[in-house]
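Undergrad: Give the three-dimensional model of this entry:
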Amino acid sequence: MAKSQDTLRQSTAKPEALPQAYWPRFAVGVASAVYALATLALAWPALAGKFLVSPHSDQYIAGFAFRDFAAKSLREGNGFPQWNPYLFGGMPYIGAMHGDIFYPTFLLRLIMPTDAAMTWGFAIHLFLAGLFAFLFLRASFDRDTPGRNVSLGFFACLIGGLAYMLGGQISSLVSPGHDGKLFVSALFPLGLWALIRGIRDGRDWAWGAFALIVGLAVLSPHPQLLQYMLLASGAYAIFLAIRSVKGGRYTSATAIRRLTFALGAVLLGAAIGAIQYLPVREYVPWSPRAKGLPDYLVATSYAWNPEEVFNVYLPQFSGMLEGYWGRNGIHLHSEYMGAAVLVLMGAAWLGLKGNVRRSQVVFWTVTLAIALLWAMGGSTPFYRIPYSIVPGTKFFRAPQTVFFVGSLAIAFLAAIGTERLLARDLPRKYMIGWAAFAILIALFASIGGLNSIAMSLAPEQTTERVAANAGALIAGAWRSAVFVLLTIGLFVAYHRGRFSVRTAGYILTAIVAIDLWSVIRNYWIFSEPASTVYASDAVVDYVKKQPEPGRVLTLPPEGPGQRDPNLTGDGLMIHGVRTVLGYHGNELGRYDQLSGKAQGYTPILSPLFWRLTNTRYVMTDNGGIQQLEKVAGPARNPSGNSVYLYKTPGDNPYAWVTPAKIRAADLPAVQTIMDQRFDPRSVAIFDSAAAITPTPNLSAIPAPLAIVVTTTSYAPGKVRLKLDTPSPEGSALVVSENYYPGWTATSGGKKLNVGRADFVITGVELPAGATDIELTFHSAAYDKGKLITLIALGASILVMAAGVILQRRRAIA
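TA: From the prediction side, this is the model:
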């Protein structure tokens, strides 16, 4: 709504319902500049090449490795990788999900180093969250009531955007490294903007735009927040339609037609995500989450506990970052929504009788209440409702992540409150009440009252943290009080005519921004560039020089210190080194069973497990293991640990040839391969559905063959093997690479039968005389999904373009 010059517009609505609305020239540009400054106030170390990652971030322990792997593949012209051989015995890269594979941020990783691309991906989406919220707020009222100008003022929209982007539920997501959540959170208000244009205003192009927005959210890929976004968007779409019908804008038939178009746009957007979700759908039966979460208790883990709700006003109450003392164990984000923002939000609920914005305020208040109850999970009975009736909810934990919806509700209400303040339309009692509340809380904290409450709520094992947090709690209470009093002081001065609307608006913007920044800056933790954080060392170099593939079993550090991505994460993946375990969470379910995840990974210390999984080395910070041969170290790695490399006993090859093969169900298969008496070189145990011909009349276990298999070429998803002696009739090749549909094998140009062998790895039925075998992984679901995605993208763009053309023709007519 840019104007040719700065103006003060007097609404035709009653003064108490709508103040004079100041709009600068190039309003969107001014708002963009404010949001860019707010973003850079947090992200400025990126300008010096710093990496937005901290030791407690998922990006530090795994996210960088995932993304750098794909970026290297794309830069080398190999396309998107389809197989990740480096973690948990191997898994499909797309189907098992490895972050934003197809989301547009992958383009950043093509033009700049992966760490820089990840850093700027966070910063750009924080900026977009503010800008998109601004556009949504501006659109919410600009044509809302025919014949009346009831649009929000510039500062209401500007401050609403700031409240959303800098609110803790959005801006602190960088701390745990949850970029997918940030992507969806940024897209959410843009999606609502498109719904306004389509459902309320009847813009035909909006359906194509909404489909693209939904498609981007699908590709984020964060299915949990996608679910929340679609539920909230659906509720808002129905609200818009009902409100438009009641307001006489159009008929019920038109409302139903436009809601149908919105549903069609959702389906088209879902099709845009087919490139990601067709492989995911295929993978679900193979994943450890195939049956959903175990129970309601797990589904409500990492909910918003009652002691954390007060963090919305006083972020230090339950402790920040390492000072957290609550029930969730870890707490790497912030719930802080801003003391000044809360003052403004409360003002939205005043004087609603007869207000043209009443229905909007009621809708977003109800939305806020539902989001809060949902986020609190098992702390209230409410969560039983979505857990029982909303599809997909039983697959998700951490219900507090829904509160990005509540954050937008707070931003919306704060925008209304800003308008009330700038209209000089706030009761004196309201401001006095807030001042009294802020001062009383600060005084209560100062005499130890809040700390006593915290001590009574804290689990016994975290009471020391409560005591250590006492000083921060007092300082935080006074900090929040200062920003409440600054907001009230501005209102008093403005009410007395000391500032113009423009001056008061910019001062209020600064108060809100500085208030939120002063807390959120603690969550924007930067490190040295990835080239330093993930630098190689002598132990890693030793493994990389070996001629044959071999997995490394990494043991967690025994001493105190920061997390080590090489020992407790996926750091070795960055160097092309395969590990026995890793950090993922959606690895193959059978590999979890074989490695004994439910039993604390006890089997991984067995030589039987090492033999089956090509485990040739153990990496640890313990230099005193006498039972194994030390081959490298000590070497100090970038995390500061002195690490050692030990060789496991035996050869533990990548592949071997067996003289016989049988079929068996999973239970007897896993019991046999983990039996001390069984030699996996003797018989390949294929699953009962494998398309192989079992060895006939096998009455005794044959002796192993003397054939040696060497690896002539190894790359993710493509392996060439050579046998030093031609394979005999009826033999099988067993490869220590997890089996998953998509593996194919050829020898001499002829296709060979491939199946799951020895419970989880790959088996190949060999013809007589084979010496050279090539294995390749390719996902048919990816090919199909890619085609659907391209068609859906084209259709969305076509719908949007056609809508623009139709709109122009109507305007001309």
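Undergrad: what about this structure, any weak spots by pLDDT?
TA: Applying pLDDT under 70 to the chain picks out residues 1-21, 143-151, 559-562, 813.
Undergrad: Next, name the residue at the spatial heart of it.
TA: Residue closest to the average C-alpha location in the chain (CA atoms, centre = their mean): Gly180, at 3.2 Å.
Undergrad: Which of the three states applies to that one?
TA: helix (DSSP: H, G, I helix; E, B strand; the rest coil).
Undergrad: if I pick it, what's in contact with it?
TA: For Gly180, the contacting residues are 99-100, 220-222, 225, taking CB atoms under 8 Å, 6 or more residues apart in numbering as the criterion. For glycine as for every other residue, the C-beta is placed from the backbone atoms N, C-alpha and C.
Undergrad: need the strands for the stretch 51-200 of the chain, in chain order.
TA: Per DSSP state E, counting those that start in this stretch, the stretch 51-200 of the chain carries strands over the ranges 83-84, 91-92.
Undergrad: Could you do the stretch 601-750 of the chain as well?
TA: Going by DSSP E, counting those that start in this stretch, the stretch 601-750 of the chain shows strands at 615-620, 629-636, 642-647, 655-658, 660-664, 683-687, 709-715, 718-723, 732-738, 743-747, 750-752.
Undergrad: What pairs with the longest one, parallel or antiparallel?
TA: Pointing back at strand 629-636 there. Applying DSSP bridges to the sheet, strand 629-636 is found paired with strand 642-647 (antiparallel).
Undergrad: And the partner strand, what's buried?
TA: Neighbour-count burial for strand 642-647, counted by 16 or more other CB atoms under 10 Å, picks out 642-646.
Undergrad: same question, stretch 596-603
TA: 596-597, 603.
Undergrad: Let me have those in a markdown table, adding distance to Leu158 as columns.
TA: Output for those, formatted as a markdown table (distance: CB to CB, whole Å):
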| residue | distance to Leu158 |
| --- | --- |
| Gly596 | 55 |
| Lys597 | 49 |
| Pro603 | 58 |
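Undergrad: From those residues, pick the one nearest Phe136.
TA: Lys597 (43.4 Å; CB to CB).
Undergrad: now the closest one: how far from Phe154?
TA: 55 Å (CB to CB, to the nearest Å).
Undergrad: for the stretch 251-400 of the chain, what spans make up the strands?
TA: Going by DSSP E, counting those that start in this stretch, the stretch 251-400 of the chain shows no strands.
Undergrad: Could you list the domains of this protein?
TA: Following automatic domain parsing, one finds the domains of the chain at 7-314+328-426+499-523, 541-647, 655-778.
Undergrad: on that earlier part again, can you check which of the strands of the stretch 51-200 of the chain gets nearest to Ser796?
TA: Nearest to Ser796, of the strands of the stretch 51-200 of the chain and by CB to CB, is strand 91-92 at 27.1 Å.
Undergrad: packing partners for that closest one?
TA: The elements that strand 91-92 packs onto, with contact taken as 3 or more CB pairs under 8 Å, 6 or more residues apart in numbering; DSSP states H and E, are strand 83-84.
Undergrad: For the strand it packs on, which strands pair with it and how are they oriented?
TA: With DSSP bridges as the test, strand 83-84 is paired with strand 91-92 (antiparallel).
Undergrad: any idea how far Ala669 is from Tyr740?
TA: Separation of Ala669 from Tyr740 (CB to CB): 17 Å.
Undergrad: can you count the residues close to Leu107?
TA: Residues near Leu107, counting by other CB atoms under 10 Å, number 12.
Undergrad: if I look at it, how far off is Gly208?
TA: Distance, Leu107 to Gly208, using CB to CB: 21 Å.
Undergrad: coming back round to it: can I get the strands of the stretch 601-750 of the chain in a markdown table including distance to Ile275?
TA: Shown next, in a markdown table, are these (distance: least, CB to CB, whole Å):
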| stretch | distance to Ile275 |
| --- | --- |
| strand 615-620 | 34 |
| strand 629-636 | 41 |
| strand 642-647 | 39 |
| strand 655-658 | 32 |
| strand 660-664 | 35 |
| strand 683-687 | 29 |
| strand 709-715 | 22 |
| strand 718-723 | 21 |
| strand 732-738 | 23 |
| strand 743-747 | 21 |
| strand 750-752 | 27 |
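Undergrad: just to revisit the earlier point, which of the contacts of Gly180 lies closest to Ile574?
TA: Proximity of those to Ile574, judged by CB to CB, is greatest for Gly99, which lies at 14.4 Å.
Undergrad: Quick check: chain neighbours aside, which residue is closest to the closest one?
TA: Phe66 (5.0 Å; CB to CB, 6 or more residues apart in numbering).
Undergrad: you'd agree that neighbour is up against Ala96?
TA: No. Using CB atoms under 8 Å, Phe66 is not in contact with Ala96; the gap is 10.2 Å.
Undergrad: who's more crowded, these two?
TA: Counted by other CB under 10 Å, Phe66 and Ala96 do not tie: Phe66 has more neighbours, with 27 against 23.
Undergrad: contacting residues for the more buried one?
TA: For Phe66, the contacting residues are 98-99, 570, 573, by CB under 8 Å, 6+ apart.
Undergrad: how about the domains of the chain in a markdown table, adding distance to Gly476?
TA: Converted to a markdown table, these look like this (distance: least, CB to CB, whole Å):
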| stretch | distance to Gly476 |
| --- | --- |
| domain 7-314+328-426+499-523 | 6 |
| domain 541-647 | 26 |
| domain 655-778 | 48 |
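Undergrad: Deepest in the core, which of those is it.
TA: domain 7-314+328-426+499-523 (a mean of 21; mean count of other CB atoms under 10 Å).
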